[in-house]
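>>> sequence and predicted model, in that order:
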Amino acid sequence: MEQHIQAPMNKEDAKKLQAGDYVYITGTIYTARDAAHKRMYEALERGEALPIDTEGNVIYYMGPSPAREGRPIGSAGPTTASRMDKYTPDLLDRGLIGMIGKGKRSDAVKEAIVRNGAVYFAAVGGAGALLSRSITKSEVIAYDDLGTEAVRRLEVKDFPVIVVIDSRGKDLYESVGR
């Protein structure tokens, strides 16, 4: 089924999505990869605030290439999501509602997705140049020293993803593998 959603999103929107749905996201999403997740985790351990409000937000596991002239961002393909699995359950418990990446997730992440009514989307690996066409604005908002791994706020229009793990725990990778 094809769905169009606004980001940030709410739990009702997340619960409507089913594994296998094609989804087009419009609105604000954030980027964060390994190094940024580690810093956010350490900030939380020290009792500090995160650089983004996780409530209802979506994080895209992506490190962009430099922008071409006249474009807000360069190639913007997904990275392997499992590298963030250590940090993800805590972020989901703090209100994160969606993640975009590629590849399988751990059992702990799947349990946190179900517990929090969240969703995991996949973006097509190798299609970074095409995906970047759906990004209308990109702004570094934290950890600028991390370069491509800095936290960015992205404005997206009809950003194409597929629901891989829905809020009920149905995992497209597992069902297709059978």
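That came through fine. Numbering: from 1, shown residues only.

>>> so what's the residue count around residue 141?
By the measure other Cβ atoms under 10 Å, the count of residues near residue 141 is 13. C-beta coordinates here come from the backbone N, C-alpha and C atoms, glycine included.

>>> same deal with residue 71?
Residue 71: 13 surrounding residues under other Cβ under 10 Å.

>>> return the residues in contact with the nearest residue to residue 143 once chain neighbours are set aside.
The shortest distance from residue 143 to any non-neighbouring residue, by Cβ to Cβ, 6 or more residues apart in numbering, is to residue 150 (4.8 Å). Residue 150 makes contact with 31, 36, 140, 142-144, according to Cβ atoms under 8 Å, 6 or more residues apart in numbering.

>>> now those residues: which count as buried?
Neighbour counting over the contacts of residue 150 (16 or more other Cβ atoms under 10 Å) leaves 31, 36, 142-143 as the buried ones.

>>> so which of those belong to strands?
Members of those lying in strands (criterion: DSSP state E): 31, 142.

>>> need the buried ones among the contacts of residue 150 in TSV with distance to residue 87 and pLDDT, can you?
Formatted as TSV, the buried ones among the contacts of residue 150 follow (distance: Cβ to Cβ, whole Å; pLDDT from 0 to 100):
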residue	distance to residue 87	pLDDT
31	14	96
36	10	96
142	15	96
143	14	96
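
>>> and which of the buried ones among the contacts of residue 150 is nearest to residue 102?
For the buried ones among the contacts of residue 150, the closest approach to residue 102 (Cβ to Cβ) belongs to residue 31, at 14.1 Å.

>>> what sits against that closest one?
Residue 31 sits next to 59-64, 150-152, 154 when contact means Cβ under 8 Å, 6+ apart.

>>> ok so, going back, can you lay out the contacts of residue 150 as a markdown table showing distance to residue 160?
Formatted as a markdown table, the contacts of residue 150 follow (distance: Cβ to Cβ, whole Å):
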| residue | distance to residue 160 |
| --- | --- |
| 31 | 16 |
| 36 | 24 |
| 140 | 24 |
| 142 | 26 |
| 143 | 27 |
| 144 | 28 |
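
>>> looking at the protein, which strand is longest?
The chain, longest strand under DSSP E: strand 151-165.
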